[in-house]
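Visitor: Quick one: sequence and predicted model below, then my questions.
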Amino acid sequence: MSFRQFAFGLTATFGFAWLAVVIVPFFMMRSVEPVAFTEAADGKEGIYHPKTTGRVTNGAEVYASNGCYNCHTQLIRPTYAGNELGRPDWAGLKMDEERGDTRRESNVFDYQGEKFAQIGLNRLGPDLSNVGRRVEAEYAKGGDAKLWLMMHLYDPRANPQRPTSTCPSHRFLFEEKEVLGQVPQDALPVESPEGTVVIPSPDANELVDYLLSLKRDDAVPASMNYGPATKPAEAKPAAPQG
């Protein structure tokens, strides 16, 4: 093999991978067409609109700048890539009090409003695709979900149910403020020097609002279910008479 053949083969190998993994998906997803519900498959009609709440853009930037994607993913893989619907409430809630089983796979619409899709690098911590729903339904259990997340960011291991949490403390997102009258409503119930309280910074508020907005369990059209379709049973021929 000549050097020219080697160089051409190496370029073609990496070029094809780059084309398939970067360029083609970019042009496919840069302008996604709306997806419609159908009466036959979904029991209703209309266009699917993803639901988002909170200060998504600013919070996503705080999330990214603090490297949260290094330990947490936001991607429930499709069934053909490894079924994750069975993970405890990662893909939604199995027993939602109002809607029943809300678990589903991720789709491209889940990342609208974000400059970058925060799909993550590793799963040293749990997937956060539905952390907002999970905190409200499981962790805070009817309490103040925002306060629960604030306390987790301030000191992840202070929670007696999570003494070995590997999440690093984000105390730098909080400030000590001198009390000159009424205690601020957003003060955390933690120890601080006399005459001061600990309050969240604007970045902490935006990050928590962003995390609480992560409720990617709304119903999607059946055509967006990327799991293998179940084929209807074929009718068996009738047995001959007589």
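Guide: Yep, that arrived.

Visitor: ok, so what distance separates residue 23 from residue 16?
Guide: Here the criterion is Cβ to Cβ, to the nearest Å. By it, residue 23 lies 10 Å from residue 16. No exception for glycine: its C-beta is placed from N, CA and C like everyone else's.

Visitor: ditto for residue 142
Guide: To residue 16, residue 142 is 53 Å away according to Cβ to Cβ.

Visitor: Between those two, which is the more surrounded one?
Guide: residue 16 (10 against 7; other Cβ atoms under 10 Å).

Visitor: For that one, grab phi and psi.
Guide: phi -70, psi -40 (degrees, to the nearest 10).

Visitor: same question, residue 185
Guide: phi -70, psi -30.

Visitor: For it, give me the pLDDT.
Guide: Note on residue 185: pLDDT of 90.

Visitor: So which residues of the chain form strands?
Guide: 36-37, 46-47, 174-178, 196-200 (DSSP state E).

Visitor: which of those is buried the deepest?
Guide: When those are scored by mean count of other Cβ atoms under 10 Å, the highest mean neighbour count falls to strand 196-200 (a mean of 19).

Visitor: Name the strands paired with that strand and say parallel or antiparallel.
Guide: strand 174-178 (antiparallel) (DSSP bridges).

Visitor: how far out from the middle of the chain is the partner strand?
Guide: Taking Cα atoms, centre = their mean, to the nearest Å, one finds strand 174-178 lying 30 Å from the centre of the chain it belongs to.

Visitor: Show me what it is in contact with.
Guide: The contact list for strand 174-178 (Cβ atoms under 8 Å, 6 or more residues apart in numbering) reads 153-154, 184, 187-188, 192-193, 195-201, 204.

Visitor: what sits up against stretch 212-221?
Guide: Contacts of stretch 212-221 (Cβ under 8 Å, 6+ apart): 35-38, 41-42, 48, 50-56, 59, 74, 76, 91-93, 96, 99, 102-104, 106-107, 109-110, 128-133, 135-136, 145-146, 149.

Visitor: Thank you kindly, that will do.
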